[in-house]
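Asks: With the input below, show me the fold.
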Amino acid sequence: MPTPISPAETPKLLRPPVALTIGGSDSGGGAGIQADLKTFTALQVHGCSAITCLTAQNTCGVERVDGLPAAALIAQVEAVCRDLPVAALKTGMLLNAPLIEATAAVIGPIQAPRVIDPVMVSRAGAVLLEPEAVTAMAGLLPLASLITPNLQEAQLLSGRTLSNPREIEDCARQLIQLGCRAVLIKGGGLTALRGRDLLCCDDQLEWLVSPAIDTRHSHGSGCTLAAAITAGLAQGLALRPAIVAAKTFVSGALRRGLAIGAGAGPLCHWHQSLSPGSGP
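Replies: As a prediction, this is how the structure comes out:
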């Protein structure tokens, strides 16, 4: 007998919060737009993207970068916002002054939390922003609900040398004066501060501490942290709980880092779906 055809099921529709990432494409899949979208999906947020530049890279490094026209960036953001209710957004690699200025212009009207990850220098020292664009990046900061610089980026934005916690605290206060509402300086660039990030918000300073994880497979950790914070904000979390939850997510992703390629592998963005005894 033929198998009876079951009646059609009524789909169970979901309405997840929507987050937007604006940044560069990583052809190796470990950082940038790719890391952001993986993070959004892992945290049950619908991710949209606007690409600023294309990078040719892998686990060993960046080989080429090509910026897109500013008009193309604006068109991407406007197309998303015409149709989708963006609940939070983040920016990553913006590359040059025209793209930074276009980003500022197009996100200004968006009524949602904005996480600005001022991607200028990687923790390994790779320069990711054209030198003449540093001033333009400082002009973007007043639009930020939160900025998330690493130590090298905080030094460039402030003009300070950062070598100890007191200098980092003074730098955070200075960056607040540039107009952003809150600053999270990532301390991982100093061995003594691995796992420690400084939050400056509402004139209060707080060191947020996570276990230091000894791994070389940390490519994309900064992008992932900012994206996870953005996902939390899109879900309605207040800033500090969103940051704490994001740090927990990144710690788990670092513990299951992906040992792929000949260089520094990326985080495991799907670590929450793995059983405790499994691993890549």
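Asks: residue ranges with poor pLDDT in the stretch 151-280 of the chain?
Replies: For the stretch 151-280 of the chain, applying pLDDT under 70 flags the ranges 275, 277-280.
Asks: can you give me the strands for it?
Replies: 182-186, 196-201, 204-209 (DSSP state E, counting those that start in this stretch).
Asks: Of those, flag the one that's most buried.
Replies: Burial among the strands of the stretch 151-280 of the chain, expressed as mean neighbours by mean count of other CB atoms under 10 Å, is greatest for strand 182-186, which shows a mean of 25. For every residue, glycine as well, the C-beta is placed using N, CA and C.
Asks: quick check: angle from it to strand 196-201?
Replies: Orientation check (axes from the mean of the first three to the mean of the last three CA atoms, to 10 degrees): strand 182-186 against strand 196-201 gives 170 degrees.
Asks: helices or strands next to strand 182-186 in the packing?
Replies: Applying 3 or more CB pairs under 8 Å, 6 or more residues apart in numbering; DSSP states H and E, we find strand 182-186 packed against strand 146-147, helix 151-158, helix 165-176, strand 196-201, helix 221-234.
Asks: Only alpha carbons, please: show it as PDB.
Replies: Written as PDB, here are the backbone C-alpha positions of strand 182-186 (Å, rounded to 0.1, in the frame of the first residue of the first chain):
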ATOM      1  CA  ALA A 182      30.600  53.600  27.700                       C
ATOM      2  CA  VAL A 183      34.100  52.100  27.100                       C
ATOM      3  CA  LEU A 184      35.200  48.500  27.400                       C
ATOM      4  CA  ILE A 185      39.000  48.300  27.000                       C
ATOM      5  CA  LYS A 186      40.200  44.700  26.400                       C
END
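Asks: outside of that strand, which residues touch it?
Replies: 144-151, 154, 168, 171-172, 175-176, 197-202, 208, 222, 225, 229, 239, 243 (CB atoms under 8 Å, 6 or more residues apart in numbering).
Asks: now do stretch 22-35
Replies: With CB under 8 Å, 6+ apart as the test, stretch 22-35 has contacts from 21, 36, 49-59, 65, 73, 77, 89-95, 103, 107, 117, 119, 128, 219-220, 222-224, 227, 258, 261, 265-267, 269.
Asks: what's the answer for stretch 270-277, then?
Replies: The contact list for stretch 270-277, computed with CB under 8 Å, 6+ apart, reads 38, 42, 249, 252-253, 255-256, 268.
Asks: and these, which are buried?
Replies: The neighbour-count criterion (16 or more other CB atoms under 10 Å) marks 38, 42, 249, 252-253, 256, 268 among the contacts of stretch 270-277 as buried.
Asks: Is it possible to get JSON lines of the helices and strands packed on strand 182-186 that adds distance to residue 274?
Replies: Listed next are these as JSON lines, based on distance: least, CB to CB, whole Å:
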{"stretch": "strand 146-147", "distance to residue 274": "29"}
{"stretch": "helix 151-158", "distance to residue 274": "31"}
{"stretch": "helix 165-176", "distance to residue 274": "34"}
{"stretch": "strand 196-201", "distance to residue 274": "25"}
{"stretch": "helix 221-234", "distance to residue 274": "16"}
